[in-house]
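In: What follows is a predicted protein model with its sequence.
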Amino acid sequence: MVAKLKFFIRLALSMAALLSALAVSRGNAAAADASYDPVHTMSTLNMAIVSLHRVTSSKDRVTLNAEYENIIDNLYLGNIEDDPELKALYLELIDTIGKKTLRQDEAARVREEYDSREKKRLSGLITKFAVVPAQWSLVGNILAGELAGYFGITALAAEETSGLPDELRKLERENIEDLMRLQERLLDTSWTLVRRYGLPDEYRLAQRDLGAFDKAVSEPDRTKSLRMLNALERNFAMYAPFWYYRAAAAQEIGDGASSAKYLDEFDRVWRPVLRRDPYKAEAAKMRARALSDAKAPNAKIAAQLDILAENTQRENWVDNLFAGVMYYAIGNAAKAREVISINIDFDVERDISALALRDIENGALDADAFLDSVQAMQSARARGYGATAEEQALAERGLVAWFRGDANIAASLMTQALDADARDPLPFQILLRLAESSFPFYGTAIAETLRNTANLRNEAEGRLKSAAPFSWEALLPIVERYAGVSANAKTFLADMYMTGRGVIADPARAAELFAGPADSGSAYAAGRLGEILETADGLRDLDKAARYYEAAARQGLPWAAVKLGDMCRGGRVPGGKNLEDAYMWYALAQMDGEPSAKDKLDELNGRGLLKLKSVNAATAARATARALEIHDARDRGDV
């Protein structure tokens, strides 16, 4: 009896100790749970659910690859609940999708297509929006208009005319079924976790709402897109990317106040569930852009750029470039070099980044220089001259220097462009224009060729005949950008319309463009306008043609003097045929270095093929003296 009593006493004591231990254990667990934020796990789960939905609904390997690289394999699993079953599900998800991603060569093909499209898009945005001179806030707005990284690749995948072959894109049926089964398990787990943590149901995403969300996000009418997203707030309020998309739509329709409010909601709901979060990066970029537009203190802009840099994937060259130029704009050249160098060091984007980095190193980068570099590189790629990206952009950079009125830099760059590829017709075109404006080419590598303007014109015309038509079309964005502020650019654009190089020939448009510079003293514009007024159907006005030829000839444009001489000789000037005036203009052209003028004078002097003398010695002497008087007056600056 005593033995039994002792046994029950010992058992009671053991049970008490066990209960005490369990109580302590539960207390510790409760303390741990109190410090744990279950929203991390729910946010991670929701990211995976939406990614899988996009893959299964698109049935596209490009989409799968983008979701895997930017979301699935980018999840920060250290912040989710330490649940073996849940982590096993994530590992299975990573393994299943990882086996279906693009091969290295396929991924490179997608990247090449994306890069080409975004650079064309960027050049188009510059042409559309960039005034001269540009401000850094404008550069930020233009770069922010690019579809960066993850968003650009998924947008490319959504296009039926993406240029990517079907065999690269197609996701097999059995693969889709595997992924759909995984998605069902993720959705079930989401429901379980909501119950476990006692969270409101709005933390859980429902399968039936995902299609509507994708439709709202992809709606091209941004006003309609915003209305659709507004209607989905109850279903997605606790999903941070929902607020990013809403803010982006509001910003695109010009509702900055609503965009800022939605970004605040994004920050409130957001959790660090991705190691580098593309949504966080784009939200920071939107804020940096708005702050720059509002001329906020540099420290506030820098804080957003830091968030952007921390969350930008190495492969996202657009955001690296945006961050770099904006860091430079607020005076942090070191940080600008750091982020732009990522593009070059990891061989992500070398063309635009190298040009921007070079100007940063030289302390010479300004907003216009950056935009010029982008357009120069895009045009150079299309024209295809030069061996390297740097060489290809030499002529374009020279063209911009000429548009800006810096003849010395233009001549230097165009000479270098000829060394890079002597077939390129553009350098000779601009060097000819410089030579016609009496630019001193002494000491340059092509001084002998440039010594005689007529020789240079022959070189230029020879290259024009062999140039592919697309070569000139590729220059159009640069030319149009400067045509509003540069007489040189306006006359270059007029030339394109006059000759049909890169555009549909339109003599009336050419005449309109030439008129302003011609009336403001441009000899070249006056000469070309004279040609149009002499020869173009529907525009012919011989009196005006003669006046413009004379203005050009008096300023030293020799071919204009020859054409005016021809009009005088043929009686197509006011007052009719005048051989003395013809002789005078031919003599002036010869003084200005025009070889064809000698043949014209020989014909009038009776030394031509027919030996028919048209002027006597006294007339020739008077005409020559008049030509010399014009030439001397020009030398004195009396034109």
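Out: Noted; the coordinates are in hand.

In: just for the chain, where's the confidence low?
Out: Scanning the chain with the threshold set as pLDDT under 70 gives 1-36, 79-83, 160-162, 386-390, 437-471, 608-612, 639.

In: okay, now the domains of it?
Out: As given by automatic domain parsing, the domain ranges for the chain are 39-113+160-208, 556-639.

In: possible to save those as CSV with mean neighbour count and distance to residue 221?
Out: Every C-beta, even on glycine, is put in place using the N, C-alpha and C of the backbone. Formatted as CSV, the domains of the chain follow (neighbours: other C-beta atoms under 10 Å; distance: least, C-beta to C-beta, whole Å):
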stretch, mean neighbour count, distance to residue 221
domain 39-113+160-208, 17, 19
domain 556-639, 18, 53
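
In: Of all those, which one is nearest residue 233?
Out: domain 39-113+160-208 (9.6 Å; C-beta to C-beta).

In: Surely residue 516 and residue 490 touch.
Out: Yes - counting by C-beta atoms under 8 Å, residue 490 is a contact partner of residue 516 at 6.5 Å.

In: Please identify every residue contacting each of the two.
Out: Residues touching both residue 516 and residue 490 by C-beta atoms under 8 Å, 6 or more residues apart in numbering: residue 525.

In: still on that earlier bit, take the domains of the chain and lay them out in CSV including distance to residue 425.
Out: Below are the domains of the chain laid out as CSV (distance: least, C-beta to C-beta, whole Å):
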stretch, distance to residue 425
domain 39-113+160-208, 28
domain 556-639, 18
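
In: of these, which approaches residue 140 most closely?
Out: domain 39-113+160-208 (23.1 Å).

In: now the end-to-end length of the closest one.
Out: 22 Å (C-alpha to C-alpha, to the nearest Å).

In: any idea how far that domain is from the chain center?
Out: Centroid displacement of domain 39-113+160-208 relative to its chain, using C-alpha atoms, centre = their mean, to the nearest Å, is 31 Å.

In: Extract the CA atoms of the helix or strand hosting residue 410 and return them as CSV.
Out: Element membership for residue 410 (DSSP states H and E) is helix 407-420. Output in CSV follows, covering the C-alpha atoms of helix 407-420 (Å, rounded to 0.1, in the frame of the first residue of the first chain):
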residue,chain,number,x,y,z
ALA,A,407,32.8,73.4,-86.1
ASN,A,408,36.1,72.4,-84.6
ILE,A,409,34.7,69.4,-82.8
ALA,A,410,32.6,68.5,-85.8
ALA,A,411,35.6,68.5,-88.1
SER,A,412,37.7,66.4,-85.7
LEU,A,413,35.0,63.8,-85.2
MET,A,414,34.1,63.6,-88.9
THR,A,415,37.8,63.1,-89.7
GLN,A,416,38.0,60.3,-87.1
ALA,A,417,34.9,58.8,-88.6
LEU,A,418,36.5,58.6,-92.0
ASP,A,419,39.5,56.8,-90.5
ALA,A,420,37.1,54.3,-88.9
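
In: name the helices or strands packed onto it?
Out: If contacts are counted by 3 or more C-beta pairs under 8 Å, 6 or more residues apart in numbering; DSSP states H and E, helix 407-420 sits against helix 389-392, helix 394-403, helix 425-436.

In: From start to finish, how long is stretch 613-620 in a straight line?
Out: Stretch 613-620: ends 11 Å apart by C-alpha to C-alpha.

In: which residues are contacting that stretch?
Out: With contacts defined as C-beta under 8 Å, 6+ apart, stretch 613-620 is touched by 579-580, 583, 603-606, 623.

In: Residue 485 in helix, strand or coil?
Out: Of the three states, residue 485 takes coil according to DSSP: H, G, I helix; E, B strand; the rest coil.

In: what about it, neighbour count?
Out: Neighbour count of residue 485, defined by other C-beta atoms under 10 Å: 13.

In: Sticking with the residue nearest the centre of the chain, tell me its helix or strand.
Out: Centroid-nearest residue in the chain: residue 122, 2.2 Å away (criterion: C-alpha atoms, centre = their mean). Residue 122 belongs to helix 104-129 when assigned by DSSP H and E.

In: who does that helix touch, helix- and strand-wise?
Out: Judged by 3+ C-beta pairs under 8 Å, 6+ apart, helix 104-129 is in contact with helix 61-70, helix 136-144, helix 149-158, helix 166-169, helix 367-383, helix 476-483.

In: Name the residue in residue 516 and residue 490 with the higher neighbour count.
Out: When residue 516 and residue 490 are compared for neighbours, residue 490 comes out ahead with 23 against 14, by other C-beta under 10 Å.

In: Which residues are in contact with residue 49?
Out: 183, 186-187, 190, 205, 210.

In: what do you get for residue 362?
Out: Shown in contact with residue 362 (C-beta under 8 Å, 6+ apart): no residues.

In: what kind of secondary structure is residue 574 in?
Out: Three-state assignment for residue 574 (three-state DSSP): coil.

In: Would you mind measuring from it to residue 544?
Out: To residue 544, residue 574 is 11 Å away according to C-beta to C-beta, to the nearest Å.

In: Find the nearest non-adjacent residue to residue 489, please.
Out: Distances taken as C-beta to C-beta, 6 or more residues apart in numbering place residue 482 nearest to residue 489, at 3.6 Å, with adjacent residues excluded.

In: The one you found contacts residue 403, doesn't it?
Out: Yes - taking C-beta under 8 Å as the definition, residue 482 is a contact partner of residue 403 at 4.2 Å.

In: residues shared between the contacts of these two?
Out: Common neighbours of residue 482 and residue 403 (criterion: C-beta under 8 Å, 6+ apart): 488-489.

In: quick one: contacts for the residue lying closest to residue 528 once chain neighbours are set aside?
Out: Closest residue to residue 528 apart from its sequence neighbours, by C-beta to C-beta, 6+ apart: residue 514 at 5.4 Å. By C-beta under 8 Å, 6+ apart, the contact list for residue 514 reads 490-491, 494, 498, 525-526, 528-529, 532.

In: Tell me the one of the residues you listed nearest residue 394?
Out: residue 491 (21.7 Å).

In: I'd assumed residue 517 was in contact with the closest one.
Out: Yes - under the criterion of C-beta under 8 Å, residue 491 makes contact with residue 517 at 5.3 Å.

In: what's the overlap in contacts for the two?
Out: Joint contacts of residue 491 and residue 517 (C-beta under 8 Å, 6+ apart) are 524-525.

In: Restrict the helix or strand harbouring residue 264 to CA atoms and write it as CSV.
Out: Using DSSP H and E, residue 264 maps to helix 256-269. The C-alpha coordinates for helix 256-269 follow below in CSV (Å, rounded to 0.1, in the frame of the first residue of the first chain):
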residue,chain,number,x,y,z
GLY,A,256,0.3,62.9,-59.7
ALA,A,257,-1.6,63.3,-56.4
SER,A,258,-3.3,59.9,-56.7
SER,A,259,-0.1,58.3,-57.8
ALA,A,260,1.7,59.6,-54.7
LYS,A,261,-1.1,58.3,-52.5
TYR,A,262,-1.0,54.9,-54.1
LEU,A,263,2.8,54.8,-53.6
ASP,A,264,2.3,55.5,-49.9
GLU,A,265,-0.1,52.5,-49.8
PHE,A,266,2.5,50.4,-51.6
ASP,A,267,5.1,51.2,-48.9
ARG,A,268,2.6,50.4,-46.1
VAL,A,269,1.7,47.0,-47.5
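
In: List the contacts of the next helix-or-strand element following that helix.
Out: On the C-terminal side of helix 256-269, the closest following helix or strand by DSSP H and E is helix 278-293. Residues outside helix 278-293 that contact it (C-beta under 8 Å, 6+ apart): 70, 136-137, 140-141, 144, 148-151, 240-241, 244, 247-248, 251, 256, 259-260, 263, 266-267, 270, 274, 300-301, 304-305, 307-308, 311-313, 316, 319, 322, 326, 329.
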